[in-house]
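Engineer: Here's my sequence, what's the structure:
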Amino acid sequence: MQFESDLKKAMQAALDHLKSELKGLRTNRANPAILDMVSVEVYGTQMKLKELANITVPESRQLVISPFDQNNLNAIGKAIEKANLNLQPRVDGQVIRITFPPMDEALRKEIAKQCKKYAEAAKVAIRDIRGRFIKIVKKQKDDKLLSEDELKKAEKKIQEFTDSFCKDTEALAVQKEKEILEI
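Structural biologist: Here you go, the predicted model:
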């Protein structure tokens with residue numbers, strides 16, 4: 001059926017969006033992906049942090065950011081502070097160090113709640129996509145482009161994709177929640 005690739009692309013986009021949101025959630029370990037969304041104003045324009053510096057994890061609770069151009073050191077530190085990630089960058093010579101303090105139980109539970117919220121939003125998006133595609137195939141049936149049997153097959157296929165992507169969404173959320181709650 002011709003709509004399958006469009007359906008799969010749309011649902012995959014929702015899943016990819018969830019993955020990028022989950023990357024930004026803090027766990028008990030330092031993860032460079034938490035800085036993926038940080039933009040820095042340098043050279044008169046906004047640039048992603050990863051385009052301006054190397055980010056390494058020398059210890060399980062520390063990130064080291066080594067700018068390619070040392071003149072951007074302070075701008076990078078300020079951008080990280082402004083990003084509202086509750087991180088305290090510290091300029092240390094020619095690098096920026098970010099130490100992740102251990103998370104208390106209340107913070108871990110709060111971040112796990114955020115994880116569930118993101119997963120639920122992704123499922124809602126997937127179900128909205130399902131609804132949109134079901135309307136499309138019903139319209140095709142009304143326009144006599146599909147028979148009743150073809151409509152039923154198409155609806156079944158759409159539901160199979162929906163179930164599969166919702167299951168993948170749940171698996172991603174459970175995995176991330178496990179990482180967050182790990183001490």
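
Engineer: Let me know the outermost residue of the protein.
Structural biologist: When each C-alpha in the chain is compared with the mean C-alpha position (C-alpha atoms, centre = their mean), Lys144 comes out farthest, at 40.6 Å.

Engineer: For Glu41, see how far away Lys82 is.
Structural biologist: 10 Å (C-beta to C-beta, to the nearest Å). Yep, even glycine has a C-beta here, placed from its N, CA and C like the rest.

Engineer: helix, strand or coil for the residue nearest the centre of the chain?
Structural biologist: For the chain, the residue nearest the mean C-alpha position is Ser20 (1.8 Å; C-alpha atoms, centre = their mean). Classification of Ser20 by DSSP: H, G, I helix; E, B strand; the rest coil places it in helix.

Engineer: same deal with Met37?
Structural biologist: Per three-state DSSP, Met37 ends up coil.

Engineer: Show me where the protein dips below the pLDDT cut-off.
Structural biologist: Counting by pLDDT under 70, the low-confidence segments of the chain come to 1.

Engineer: could you pull out the strands for it?
Structural biologist: Using DSSP state E, the strands of the chain run over 39-42, 45-48, 53-59, 62-67, 89-92, 95-99.

Engineer: Columns distance to Lys123 on top of the ones you listed, output as a markdown table?
Structural biologist: Listed next are these as a markdown table, based on distance: least, C-beta to C-beta, whole Å:
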| stretch | distance to Lys123 |
| --- | --- |
| strand 39-42 | 29 |
| strand 45-48 | 29 |
| strand 53-59 | 31 |
| strand 62-67 | 31 |
| strand 89-92 | 35 |
| strand 95-99 | 32 |
